[in-house]
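> what would the 3D arrangement of this be:
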Amino acid sequence: MAARSVHIIPSILSADFANLEAAVRAAEEAGADAVQVDVMDGHFVPNITVGLPVVAALRRVTRLPLDVHLMIEAPDRYVDAFVEAGANVLTVHVEACCHLHRTVQHIRELGALAGVALNPATPAIMLQDILHDVDVVVVMTVNPGFGGQAFIESVVPKIERVRHMLDRAGRSDVPIEVDGGISKRTAPRVVAAGASWLVAGSAVYGHPAGVREAVRELREAIGQETGKGDR
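Next up is the predicted model:
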């Protein structure tokens, strides 16, 4: 099997919310492949973050793809608005969607890539009947809601199971995105398990040497020191 190009995706959840433009420009200058925007509603997850106005504002100041992760109840109500605001990738949770196929198909009809996410305790088998419709599968390696959490080691075998399911279904083209606790220590392990999109928040925006060095260290850790993945 050919090696997959690995994408580094900084999450602005760990950035300075008083200066998000500078945060996304720093990610762009560091050679990141996209920027993730975590949208939380205080119901599906125990935190409230940002919404449509922030996505629209970021769309105006960066050329990077915006990977918008909806950690909200009934996300289908907001799909049109987030794509219109500038989301290139729109991810919803298995656990939050009553009619997952309909939601995923609608995202794709609007021209965005459709991602489906699994919480750490949600088994991989929940993806079985959506494999042929997704563009991205997101495996959470922390319980969603807050940045800076510790990586849940027991989720690594689930990444392997999801990769096997996708490949067996003829969907080797679908990347697995891993979100939570990604660092230079954990990145090589999730890539070895089959992930190819790595979301990193505190490891990037909390790095003492800055965003550029953080992205460089992540690429070095996975054996991809230079160049960007082809999206």
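
> give the contact list for Val137.
Contact analysis of Val137 by CB atoms under 8 Å, 6 or more residues apart in numbering lists 115-118, 127, 162, 166, 174-177. In this view, the C-beta of every residue, glycine as well, is placed from N, C-alpha and C.

> out of these, which is nearest to Ala192?
Ile176 (11.9 Å; CB to CB).

> which non-adjacent residue is nearest that closest one?
Ala195 (4.5 Å; CB to CB, 6 or more residues apart in numbering).

> my read is that that neighbour contacts Val174, right?
No. The pair Ala195 and Val174 fails to qualify as a contact (CB atoms under 8 Å) at a distance of 11.6 Å.

> that's a helix at Ala203, yeah?
Yes. Assessed with DSSP: H, G, I helix; E, B strand; the rest coil, Ala203 lies in a helix.

> burial of it, as a residue count?
Neighbour count of Ala203, defined by other CB atoms under 10 Å: 26.

> re the thing from before, among the contacts of Val137, name the buried ones.
Neighbour-count burial (16 or more other CB atoms under 10 Å) applied to those gives 115-118, 127, 162, 166, 174-177.

> reformat the residues you listed as CSV; add distance to Arg185, secondary structure and pLDDT.
Shown next, in CSV, are those (distance: CB to CB, whole Å; DSSP: H, G, I helix; E, B strand; the rest coil; pLDDT from 0 to 100):
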residue, distance to Arg185, secondary structure, pLDDT
Gly115, 25, strand, 98
Val116, 27, strand, 98
Ala117, 23, strand, 98
Leu118, 22, strand, 98
Leu127, 27, helix, 97
Val162, 21, helix, 98
Leu166, 26, helix, 98
Val174, 26, coil, 98
Pro175, 21, coil, 98
Ile176, 19, strand, 98
Glu177, 19, strand, 98
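
> now do the contacts for the closest residue to Leu166 other than its chain neighbours.
Once flanking residues are discounted, Leu166 sits nearest to Val174: 5.1 Å by CB to CB, 6+ apart. By CB under 8 Å, 6+ apart, the residues touching Val174 are 131, 134-137, 166.

> Val174 and Val139, how far apart?
Noted for Val174: a distance of 12 Å to Val139, by CB to CB, to the nearest Å.

> surely Ala56 meets Gly86?
Yes. Using CB under 8 Å, Ala56 is in contact with Gly86, at 5.9 Å.

> show me which of those two is the more surrounded one.
Neighbours were counted for Ala56 and for Gly86 using other CB under 10 Å; Gly86 has more, 19 against 16.

> how about that one, phi and psi?
Main-chain torsions, Gly86, degrees, to the nearest 10: phi 130, psi 10.
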